[in-house]
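[1] turn this into a model:
(2 chains)
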Amino acid sequence: METHALPGARFVDPKVLARIKDLELLARNVVDGLINGLHRAPYFGASIDFAEHRGYVPGDDIRRVDWKVYARTDRYYVKQYEADTNANLAVLLDVSKSMGFASDEVSKLQYASFLAASLAYLSHRQRDRVGIVTFDSDVVTHVPPSAKHFNVLLHTLDRSRAERPGRLLAMLDKLAEHFRRRSIIVLISDLYENPADLIEALKPYRSLGNDLIVFHILDPAEIEFPYSESSRFQDLESGEEVPVVPEVFADQYRQMMREHIEALTTRCAESRIDYLQLTTRQPLDEALVHYLGNRERLMRVR
Amino acid sequence: MSFLAPLFFAGLAAVAIPILVHLIQRERKNIVLFPSLMFIRRIPYQSVERRRIHNWLLLLMRVGAMALLIAAFARPFLRLDPVRAAGALSGAREVVILLDRSASMGYADHWTNAQQEARKIVGTLAGEDRATLVLFGMGIEESVRATGDRSRLEAAIGSAAVTSDGTRYAPALRLAQSLLSRSALPRKEAYLISDFQKTGWERQEEIHLPEGAELRALSVATLESSNLAVTSVKFQRASFSGEERVMVTAALTNRSADPVKNLPVKLEIDGRLIDTRNVTIGPNASGAVTFPAVTVAAPMRASVRAGSDALARDNEFHFVMTPSRPVSVLIIQAEGAAANTSLYLTTALAIGTAPPFKADVLSPSRVTPANFEKRSLVILNDSSALSTQTSDALTRFVTQGGGLFIALGDRLPWNGTELPLLPGAPSAPVDRLVGGGGTLGFLDHSHPIFDEFKDPRNGNFSNVRFFKYRGLTPAPTDKVLARYDDGAAAMVERAVGSGRVIAFTSTLDDSWNDFPKRHLFLPLLHETARYLAQYAEPDAWYTVGRMLDVSVPIAAIVREGGAGDTQSAARRPSGVVMAPSGAQTTVGEGGVQAVELTEQGFYSVRLQGLGERRPFQVAVNLDPAESDLTPLPPAEFVATATGRAAVTATGQSLENPELTPEDIEKKQGIWWYLFAAGAALLLAESVLANRLSKRFGFGLS
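    Numbers count the residues shown, from 1 in each chain, chains lettered A, B, ... in the order given. This next block holds a predicted model:
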């Protein structure tokens, strides 16, 4: 029997999830299964976790005065909690044609959809506003973040198809203007762009005070390059063909891919962008845990 | 390895097809959809080793199958090298190398090739192997005897040279037979390296090699040879102003498929060019060229030369032009005989030209022993009894080689019963007047004097009438040459010493017969005189290989007066024979009696006791058979010589060079095996390709 690092992780196996057509059910399975296994509740929200006391200033809600502290100190202190306000979760989902690639049962787009749905469900459970933008060479769908848009988001994910070539950098530039309010922006893409250019494109999001999490979705075949026969490789997006003899080529390719991921990891770290590379074979729990950790850290900061 | 249809090898280009398929086609066939070629594009195209063979076994099988099929279509066949095949086997060998060095081997590069073949055989010697090198032509020479010393053998091969000798295979093969029979080594092989001239082999000469011995024939013959040869000369003699003029006609043979046009043919006498005539001869034909007459007063060395070709030796022909000498005849007739007793006889002899006769008529009383000197023939024409001294001189004359013709009439040349020279016992004359006379009922046509009359068209003696003849009873040792129709002897021969005697039992005038009036009288008389005088025109040339008995030509010269009074020298000649190469041989007293003529050119014979006389010249030419290069198929030769099929050491039949390549290819049928192997390989390839295809899920190429 397959074992997983986390209890309940069998519910987040992408192959199993692929058989669930209902994205909400899927997301619930993933998230609940995962959360139930955790030792402490990861939910953030109003008046759940105490953060600190501060001096009462006129205008503060009198209900938030800590009377026990007043009794001991005879001064007014107001209790300040984490998750002061619910955040916006904006998912930027790349639906370019390359995301349709699948060497196994699950395509990158499917995996990205599971991931987006799970994140949205998680956020929706803690009353964050969730929105989504799907794009390829242009914006395909734009669902602004809202507490009521969870179902719309799922519906959008369900309808998304990898049909057209993408222009990631151009679309990132274009979409940066839409996120005026601080949000948790989750970018899900295969990131076939120059890391330096990509970071440059992501910088505006950071400068606007958004928290940016980049999920780099790759098919295992894109990393391992398991091909052995000489073939002509066709670019899914451009249709360009190149003759390839994998025996010798594979090592160079793998090396380049490794360097690409390392460059992204390094540069994202430098720019304080959360970056996680995932393959469609990996269970979603890792992504969710990563997200939760990030979200927790985000709340603590405030 | 040769091929019947080598053009099929152009099809080897098809071998590139599987290779190209392996290299190119498979890349075009499989298209892999990939998310992004971002990294793939970065790898320089040239550095991608795209032309890599993925399945060597499959490729080799395909290329192999293709190559085998093409080789099968090219129809290969093997020309086996019997020398190497034999050398490859194990076991000590007794090898006899028979190397033909006859004159014909001088044709083009035959001799060089033959030496190479011989060296190849020597090269195969190893361990305990022994070889004997035998050089042969008409005769044989054991050059190196049974040795394993390869350097000695090779040196002997290198120093051997073509001679002027003719070709005879039988003696060489018999020597090989003898050598191999005596050998105790387990393997016995004889190699005959020759141009296999047909003329050198008599088919009835079967050789019996010892059991297990093998004869291998290595031919250096050229199938399409061309050779022009001067084969002989003829003389036409004529007297002019007391001198003898001789017209020389040379016969030439063109053994070639191409005609010879305007070939200059030269006549040289004593080293001086006399005349040049151009001749044109058709392919495989003979021609003649006649030179203007030259005066011949003394023996002269002459040569006819006709251009030069691959076999230059037979393009020249040497001969000695000798003035003819008349046969001196002494006719002895009875004292007081009728005037016409010797009329027919002298008249008939006077008109002889070949040879001319010089006749003197004397009566027995006037004959002295000196009269017999310088004579070749004495005719007793119904002679009366000779004196004892004359008879003794006559007997001596005959014994020493002179000729005697006795015509018996009414008289007998001897009285009493001791008649040593008369072949038989005489009796009384027989009268055949009744009944129209007798005729000749039997002639011994095997005898030289009747040889000319073998053919009935040349004369019919039955018309000659004999009315009277003397009875003669031959002794058992005498030979009856002709008989009358009643069985009585007409002509009887007896050999006395070196001389010859013929008795004719009738007269040489028309008193007892009508023979002198018949046209057959003249030729029969000439033939008889020539026979009795032992006349032979001096050989204008000899052929290489003949023995020259020095006494024969010298005796003829002396008898005919050419040597003056040096009779003793003629009877016991001794001297020196100098070959064209300068080699000298002592002959006669204290030396050999005869010399073998082995070189082409002029031999000089200088005899002691002949004063300052010019040396006797002997011209020697190649055996005309050497000019005929028509080869005998080696396999056929071996088969006829040994009575067994020619085989190689590997047991395969020796290829017959006259077999066409088609025949050899058909016989060997190698193509079938190649085709079967190619088909089997294709089948195996199909099985393997299917398995690989299943394993990798898609078609491999």
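[2] ignoring the adjacent residues along the chain, who's closest to residue B:589?
    Excluding its sequence neighbours, the residue lying closest to residue B:589 (C-beta to C-beta, 6 or more residues apart in numbering or on different chains) is residue B:574, at 3.9 Å. The way it works is simple: take the backbone N, C-alpha and C, and place the C-beta from them, glycine included.
[3] how about residue B:322?
    Nearest non-adjacent residue to residue B:322, counting by C-beta to C-beta, 6+ apart: residue B:299, 4.7 Å away.
[4] thought the one you found was touching residue B:321?
    Yes. Judged on C-beta atoms under 8 Å, residue B:299 makes contact with residue B:321 at a distance of 6.9 Å.
[5] compare the two (neighbour count), which wins?
    residue B:321 (24 against 18; other C-beta atoms under 10 Å in any protein chain shown).
[6] got a pLDDT number for the residue nearest to residue B:322?
    On pLDDT, residue B:299 comes in at 84.
[7] just list the residues touching it, thanks.
    Contact analysis of residue B:299 by C-beta atoms under 8 Å, 6 or more residues apart in numbering or on different chains lists B:320-323, B:614, B:616-617.
[8] ok, of the residues you listed, which come out buried?
    Among the contacts of residue B:299, the ones that count as buried by 16 or more other C-beta atoms under 10 Å in any protein chain shown are B:320-323, B:616-617.
[9] all strands of the stretch 201-350 of chain B, in order?
    Under the criterion DSSP state E, counting those that start in this stretch, the stretch 201-350 of chain B contains strands at B:214-219, B:227-240, B:243-255, B:260-269, B:272-281, B:285-290, B:294-295, B:300-306, B:316-321, B:327-333.
[10] want to try JSON lines for the contacts of residue B:299, with pLDDT as columns?
    Converted to JSON lines, the contacts of residue B:299 look like this (pLDDT from 0 to 100):
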{"residue": "B:320", "pLDDT": "90"}
{"residue": "B:321", "pLDDT": "87"}
{"residue": "B:322", "pLDDT": "84"}
{"residue": "B:323", "pLDDT": "81"}
{"residue": "B:614", "pLDDT": "72"}
{"residue": "B:616", "pLDDT": "80"}
{"residue": "B:617", "pLDDT": "84"}
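[11] report how many residues lie close to residue 254.
    Picking chain A for this. 15.
[12] switch to chain B, that's the one I care about
    Applying other C-beta under 10 Å, I find that residue B:254 has 24 neighbouring residues.
[13] which residue is the nearest non-sequential neighbour of it?
    Here the residue nearest residue B:254, using C-beta to C-beta, 6+ apart, is residue B:281, at 4.2 Å.
[14] next one: the one you found from chain A, what distance?
    74 Å (C-beta to the nearest C-beta, to the nearest Å).
[15] which strand residues sit across from that residue in the sheet?
    In this entry, residue B:281 is beta-bridged to residue B:260, by DSSP bridges.
[16] got it, and the one 4 residues further on?
    Taking DSSP bridges, one obtains residue B:254 as the residues bridged to residue B:285.
[17] burial of it, as a residue count?
    Residues contacting residue B:285 under the criterion other C-beta under 10 Å number 14.
[18] equivalent analysis for residue B:297, please.
    Count around residue B:297 with other C-beta under 10 Å applied: 9.
[19] if I read this right, it contacts residue B:323, doesn't it?
    Yes. At 6.1 Å, residue B:297 counts as touching residue B:323 under the criterion of C-beta under 8 Å.
[20] name the residues contacting each of these two.
    Counting by C-beta under 8 Å, 6+ apart, the residues touching both residue B:297 and residue B:323 are residue B:244.
[21] can you give me the helices for the stretch 151-300 of chain A?
    A:168-176, A:195-207, A:220-224, A:246-270, A:284-301 (DSSP state H, counting those that start in this stretch).
[22] can you give me the distance of residue B:140 to residue A:128?
    Plainly put, residue B:140 is 123 Å away from residue A:128 if you go by C-beta to C-beta, to the nearest Å.
[23] my bad, residue B:467
    Look at residue B:467 and residue A:128: by C-beta to C-beta, they are 174 Å apart.
[24] and residue B:359, by the same measure?
    For residue B:359 relative to residue A:128 (C-beta to C-beta), the value is 166 Å.
[25] these two: who's more crowded?
    Legend: neighbour count by other C-beta under 10 Å for residue B:359 and residue A:128, higher for residue A:128 (24 against 21).
[26] just the pLDDT at the residue positioned nearest the centre of chain A, thanks.
    Nearest to the mean C-alpha position of chain A, by C-alpha atoms, centre = their mean, lies residue A:186 at 4.0 Å. Residue A:186 carries a pLDDT value of 90.
[27] who's it bridged to?
    Going by DSSP bridges, residue A:186 forms beta bridges with residue A:91, residue A:213.
[28] residue B:134 versus residue B:105, what's the distance?
    For residue B:105, the distance to residue B:134 - C-beta to C-beta - is 14 Å.
[29] same drill for the two, tell me which one is more crowded.
    A count of neighbours by other C-beta under 10 Å puts residue B:105 above the other of residue B:105 and residue B:134, at 29 against 24.
[30] tell me if I'm right that that one and residue B:197 touch.
    No. The pair residue B:105 and residue B:197 does not pass the contact test of C-beta under 8 Å, sitting 9.4 Å apart.
[31] distance check, residue B:686 against residue B:672.
    Here the distance between residue B:686 and residue B:672 works out to 21 Å (C-beta to C-beta).
[32] oops, could you answer that again for residue A:120 instead?
    78 Å.
[33] who has more neighbours, those two?
    residue A:120 (29 against 10).
[34] show me what the helix or strand hosting residue B:691 is packed up against.
    Assigned by DSSP states H and E, residue B:691 falls within helix B:670-696. Packed against helix B:670-696, as judged by 3 or more C-beta pairs under 8 Å, 6 or more residues apart in numbering or on different chains; DSSP states H and E, are the following elements: helix B:56-73, strand B:76-77.
[35] which stretches of the stretch 51-200 of chain A have low pLDDT?
    Within the stretch 51-200 of chain A, the segments meeting pLDDT under 70 span A:51, A:81-86, A:180.
[36] kindly report the same for the stretch 101-250 of chain B.
    B:203-204, B:206, B:242.
[37] test my guess that residue A:217 contacts residue A:108.
    Yes. Between residue A:217 and residue A:108 there is a contact at 4.9 Å, judged by C-beta under 8 Å.
[38] which residues are in contact with stretch B:575-590?
    Residues contacting stretch B:575-590 (C-beta under 8 Å, 6+ apart): B:548, B:550-551, B:572-574, B:591-595, B:598-608, B:615, B:620.
[39] if we go to 6 Å?
    B:550, B:573-574, B:595, B:599, B:601, B:603-608 (C-beta atoms under 6 Å, 6 or more residues apart in numbering or on different chains).
[40] so does stretch A:259-271 get close to chain B?
    No. Using C-beta under 6 Å from any C-beta of the partner chain, we find that stretch A:259-271 stays clear of chain B, coming within 7.4 Å at best.
[41] look up how far residue B:387 lies from residue A:228.
    133 Å.
[42] TSV for the strands of the stretch 201-350 of chain B, including distance to residue A:80?
    Shown next, in TSV, are the strands of the stretch 201-350 of chain B (distance: least, C-beta to C-beta, whole Å):
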stretch	distance to residue A:80
strand B:214-219	119
strand B:227-240	131
strand B:243-255	133
strand B:260-269	134
strand B:272-281	138
strand B:285-290	138
strand B:294-295	156
strand B:300-306	139
strand B:316-321	140
strand B:327-333	171
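[43] nearest to residue B:457, out of the ones you listed?
    The closest of the strands of the stretch 201-350 of chain B to residue B:457 is strand B:227-240. By C-beta to C-beta, the value is 23.9 Å.
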